[in-house]
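Participant: this one's sequence-less:
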Ligand SMILES: Nc1nc2c(ncn2[C@@H]2O[C@H](COP(=O)(O)OP(=O)(O)OP(=O)(O)O)[C@@H](O)[C@H]2O)c(=O)[nH]1
Ligand SMILES: [Mg+2]
């Protein structure tokens, strides 16, 4: 979604300065420019980068309709009561255009409107999951540089890309709800491994104890062993200094119950997130996660840049069109044609 730009186009420098200055209009424009991957996006991001690294990034993921947006709104309000500034990034996988659920999120998050200590942004995925995690990371960096102390990223945990986004957070919440079928949703989607905190929202609904037991059983099976995270589609073991430490020094994933619509359990959830943050910092795990995040960022940038460069050097559409026609007539095949096109670079 492009914010209407009025007047002269702001320069990269003035946008970056505006972001650092707390100018909300320029912040919104900067995010649009980054989101649309415009030519000067990297210049802006580069000059903002020295000001990043202060925010605590909270990923919120879970099956559709578990109440993530409602919970994020209530959690943000709770952070405001604690005197911290909050930015929310809601990623909408369903809407390739600016409508539908995106508007729903807007309405839900209206409770946060008018507070200068809160910034809410919705992003459409535009069907390009490949670039999504880079763009999301970039938007989070802009918000970090803008000085927001907590950044909450909501994604629907159904696909690999969404899981990957959540796993680049410092603290990841996986949200479940009772009565969404017999199986616990997270198990099906394979996102339990990335949880630092498990939340059963809609705890006012029947079946909450059943869900609680199922999750606690899963956690027992996992046995609080070494933490696994998803990295490029593979589960990798995070080597931590804590592996040699005593059992009680490990982070324990616990299941918490919330009723987001009423706000109950949200204060405790906030405390748990903050406890996780403290643990990350004191255990040395924060540095490890930061390393992973940075490595991920680097790789994403390189991938996107390679993509862009290669596509730019490919023959013009007309020629590609000719190749496509040849393939359609079975005079060529896509495999050797791709080889040949790449060979021209
Ligand atoms: N009973 C009950 N309803 C809730 C609770 N939290 C959210 N809801 C309702 O559940 C519905 C879905 O909430 P959302 O916050 O949009 O859920 P979501 O997980 O963000 O949904 P998607 O983004 O579409 O995946 C809304 O009608 C909410 O009002 C809760 O704690 N209890
Ligand atoms: Mg939502």
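Facilitator: That came in fine, so what should we check first? Computed from a predicted model, the values in this text were never measured in an experiment. Numbering: from 1, shown residues only. Ligands and ions are numbered 1, 2, ... in the order given.
Participant: What is the longest helix of the protein by residue count?
Facilitator: Identified as the longest helix of the chain according to DSSP state H is helix 285-313.
Participant: buried ones in the helix or strand just after that one?
Facilitator: Where DSSP states H and E defines the elements, the next helix or strand beyond helix 285-313 is helix 317-328. Of the residues in helix 317-328, those buried under the neighbour-count criterion (16 or more other Cβ atoms under 10 Å) are 323, 327. Every residue, glycine included, has its C-beta placed from N, CA and C.
Participant: Not counting its own residues, what contacts helix 317-328?
Facilitator: 314, 332, 333, 334, 337, 341 (Cβ atoms under 8 Å, 6 or more residues apart in numbering).
Participant: Check what pLDDT the fourth one gets.
Facilitator: In this case it means residue 334. The per-residue pLDDT reported for residue 334 equals 92.
Participant: ranges for the helices of this protein?
Facilitator: In the chain, the helices defined using DSSP H lie at 12-21, 24-35, 41-48, 68-81, 100-108, 129-145, 160-167, 185-189, 208-222, 266-283, 285-313, 317-328, 334-343.
Participant: Just want the angle from the first one to helix 41-48.
Facilitator: Translated: helix 12-21. Taking axes from the mean of the first three to the mean of the last three Cα atoms, to 10 degrees, one finds that helix 12-21 is oriented at 40 degrees with respect to helix 41-48.
Participant: okay but residue 211 is in contact with residue 178, surely?
Facilitator: Yes - contact status for residue 211 versus residue 178: in contact at 4.5 Å, counting by Cβ atoms under 8 Å.
Participant: related to what we said a few turns ago, give me the angle between the longest helix of the chain and helix 266-283.
Facilitator: Put simply, helix 285-313 runs at 90 degrees to helix 266-283, going by the same axes, to 10 degrees.
Participant: Quickly list what the closest residue to residue 62 other than its chain neighbours is bridged to.
Facilitator: Among residues not flanking residue 62 along the chain, residue 175 sits closest, at 3.3 Å (Cβ to Cβ, 6 or more residues apart in numbering). The partner list for residue 175 in beta bridges (DSSP bridges) reads residue 62, residue 199.
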